[in-house]
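Undergrad: I would like the atomic coordinates for the input below:
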Amino acid sequence: MTEFDLVILGAGPAGMAAAAEASAQNVSVAIVDEQPAVGGQIYRNIEKADSARKAILGQDYASGESLAKATRSSGAEHFASATVWDVQHVEGGGAIVTYSVGGHTRRIKARALLVATGATERPMPIPGWTKPRVITAGAAQIALKSSGIVAENAILAGTGPLLYLLAAQMADAGSPPKAIVEIQSRNTVGSALRHFGGLLRGYRALLKGLGLMWKLKRAGVKRYVGAKDLKITGAAEATGVSFALGGGLQELSGDAVLLHAGVVPNTQITRLLELEHRWDDAQHCFAPIKDEWLESSSKGIFVAGDGAGIGGAKAAEYEGRIAAHGVLAYLGVMQAADKAARVTDWRAALAGEMALRPFLDAVYAPPAWVRQPENATIVCRCEEITAGDIREYAGKGCIGPNQTKAFGRSGMGPCQGRFCGLTVTNLLVEAHGRTPDEVGGYSVRAPLKPVTLAELASISED
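TA: Numbers count the residues shown, from 1 in each chain. Predicted coordinates for the structure are as follows:
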């Protein structure tokens, strides 16, 4: 079994930045990632994107190229197209990572582990969301980054800045969406002004957002703000959306519906490691607890980037650099005074990036009817469990997500609760009048992803 000083799970901005920083101090670093190239979701395919695609995706995307190059030249060993399906604690600190590549399983040992697995889209269970021609906005953006494929005659629906960014990218690619149906209330902007100080500090990001909105207006993309009771229309497949707005009912037709209700930390691996998590009231999700150096509740295991709390690509990069110095001190490579001095500028930059976040979290908070959908709506896609089923389990004495598995198998499909976990927690919070921390989330067990018997058998070959 090969041993590294630092193993990084995820090759997004946090993982790449951490690899470059740690490798510069002559420690052995391995990056394990599912994608064939570094970049993560935000900088996906950055090394192969041509100038035309970079122009469509924007300068923020193109800026990831320098980070990818720094990672390539850092000396860190990159295990690409690797599916991590088990991570285990090592007594005294660190971890053993089990992953599969090309049908074969390998294990590597980490003296220190950095979990930088990024974010996943928040589930948006509404009537009809499981129909063909309905995908998430994030999936549509992946298709654009990876293959240059743009959804045509599409309707974007939900809430969050990604809707504007994707719509602008689609417009630049020559296929603007028919409309954006936004589910946040107009009143949220007024209530979010309590974060006025952060709004001023984050004015550059705010100006970018206003620029996107202006571009969409020029492209003729209509916005419907304050929509409620959103539903996917169509029988066998999606033909559009219907929603309540201003006391009336609206219906739009389209060839695809792209849903988005914000992003949340991907906590599958941190849950598997049984790290401590805490509910974030502002972001309406669980996030692992970490200290100022991004070390988790378990010795030698660090978390950084959106997987530790949503902050965006630049914030993730700064956290990755800070976490790397925390790792170096943990390994005894760097003294405490040195590590503190080296990250002063990055801490300041991180604070600047996070200044606007409270305002954004308040404006684009998912409404209650998305977090706690109506009874007939499917919440667990794998096992076809509805919100009404979860409420029924609660009425029979089910008090936590893990118990729902015994009542009706929710969370037991291939995704292990990635798509339904937050919704199930919210439904049980509603049913029992408890806090999310009291209700908790799904326990996660290996294998994290489906594996074959051959992959299990090949462990002995290592």
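
Undergrad: and the pLDDT for the residue lying closest to F243 once chain neighbours are set aside?
TA: Spatial nearest neighbour of F243, excluding adjacent residues (CB to CB, 6 or more residues apart in numbering): A227 at 4.0 Å. (Glycine included, C-beta is placed from N, CA and C.) Taken from the predicted model, the pLDDT recorded for A227 is 96.

Undergrad: A227 against Q184, yeah?
TA: No. In this structure A227 lies outside contact range of Q184 using CB atoms under 8 Å: 9.0 Å.

Undergrad: now the residue sitting nearest the centre point of the chain. Its backbone dihedrals?
TA: Central residue of the chain (CA atoms, centre = their mean): A119, 1.4 Å from the mean position. When quoted as degrees, to the nearest 10, the phi and psi of A119 stand at phi -110, psi 170.

Undergrad: about what we covered before: how many residues are close by the residue nearest to F243?
TA: 23 (other CB atoms under 10 Å).

Undergrad: state which strand of the chain is the longest.
TA: Among the segments of the chain that qualify as a strand by DSSP state E, the longest is strand 104-115.

Undergrad: follow the chain on from that strand and name the next helix or strand.
TA: strand 119-121 (DSSP states H and E).

Undergrad: mind checking how far that next one is from the chain centre?
TA: 2 Å (CA atoms, centre = their mean, to the nearest Å).

Undergrad: cool, stretch 25-32 as well?
TA: With CA atoms, centre = their mean, you get 24 Å for stretch 25-32.

Undergrad: now the angle from the longest helix along the chain to strand 104-115?
TA: Assignment by DSSP state H gives helix 313-330 as the longest helix of the chain. Angle, helix 313-330 to strand 104-115, by axes from the mean of the first three to the mean of the last three CA atoms, to 10 degrees: 90 degrees.

Undergrad: could you check the pLDDT of E461?
TA: pLDDT at E461 comes out at 53.

Undergrad: now do A205
TA: With respect to pLDDT, A205 scores 82.

Undergrad: list the contacts of it.
TA: L356 (CB atoms under 8 Å, 6 or more residues apart in numbering).

Undergrad: buried set for the helix or strand in which it is found?
TA: According to DSSP H and E, A205 maps onto helix 203-218. Within helix 203-218, the residues scored as buried using 16 or more other CB atoms under 10 Å are A205, L206, K208, L212, K215, L216.

Undergrad: show me where the stretch 351-462 of the chain has strands.
TA: 378-380, 385-386 (DSSP state E, counting those that start in this stretch).

Undergrad: wait, which of these is closest to P414?
TA: Among the strands of the stretch 351-462 of the chain, strand 378-380 comes nearest to P414, with 11.4 Å by CB to CB.

Undergrad: pull the residues that contact that closest one.
TA: Here strand 378-380 makes contact (CB under 8 Å, 6+ apart) with 123, 125, 129-130, 373, 384-387, 390, 409-411, 413, 419-420, 423-424, 427.

Undergrad: and T452, how far from E353?
TA: As for T452, its distance to E353 is 42 Å (criterion: CB to CB, to the nearest Å).

Undergrad: those two: which has the busier surroundings?
TA: Under the neighbour definition other CB under 10 Å, T452 and E353 were set side by side, and E353 has more, 22 against 11.

Undergrad: A313 is in contact with the more buried one, correct?
TA: No. Contact between E353 and A313 fails when scored by CB under 8 Å: they sit 9.1 Å apart.

Undergrad: run through this structure and note the low-pLDDT ranges.
TA: Along the chain, the model assigns pLDDT under 70 to residues 196, 460-462.

Undergrad: quick check: domain ranges of it?
TA: 2-120+264-334, 123-261, 372-439 (automatic domain parsing).

Undergrad: with distance to L456 as extra columns, can I get these in a markdown table?
TA: Listed next are these as a markdown table, based on distance: least, CB to CB, whole Å:
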| stretch | distance to L456 |
| --- | --- |
| domain 2-120+264-334 | 7 |
| domain 123-261 | 29 |
| domain 372-439 | 16 |
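
Undergrad: and those domains, which is most packed in?
TA: Of those, the one with the most neighbours on average (mean count of other CB atoms under 10 Å) is domain 2-120+264-334, at a mean of 21.

Undergrad: now the closest residue to L360 other than its chain neighbours: how far from I180?
TA: Nearest in space to L360, with sequence neighbours left out and distances taken as CB to CB, 6+ apart, is P161 at 6.7 Å. Applying CB to CB, the value for P161 to I180 is 12 Å.

Undergrad: next up, the contacts around the closest residue to E295 other than its chain neighbours.
TA: In space, and not counting its chain neighbours, E295 is closest to F302: 5.2 Å by CB to CB, 6+ apart. Taking CB under 8 Å, 6+ apart, we find F302 in contact with A112, L113, L114, V115, K290, W293, L294, E295, S296, A323, G326, V327.

Undergrad: can you rerun that using 6 Å?
TA: Applying CB atoms under 6 Å, 6 or more residues apart in numbering to F302 gives the contacts L114, L294, E295, A323.

Undergrad: find the pair from those with maximum spatial separation.
TA: Taking CB to CB, no two of the contacts of F302 sit farther apart than L114 and E295, at 9.8 Å.

Undergrad: rewinding a little: next helix or strand past the longest helix of the chain?
TA: helix 336-342.

Undergrad: picking that back up, take the buried residues of helix 203-218 and write them to a markdown table, including distance to A168.
TA: Formatted as a markdown table, these follow (distance: CB to CB, whole Å):
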| residue | distance to A168 |
| --- | --- |
| A205 | 15 |
| L206 | 15 |
| K208 | 10 |
| L212 | 5 |
| K215 | 5 |
| L216 | 6 |
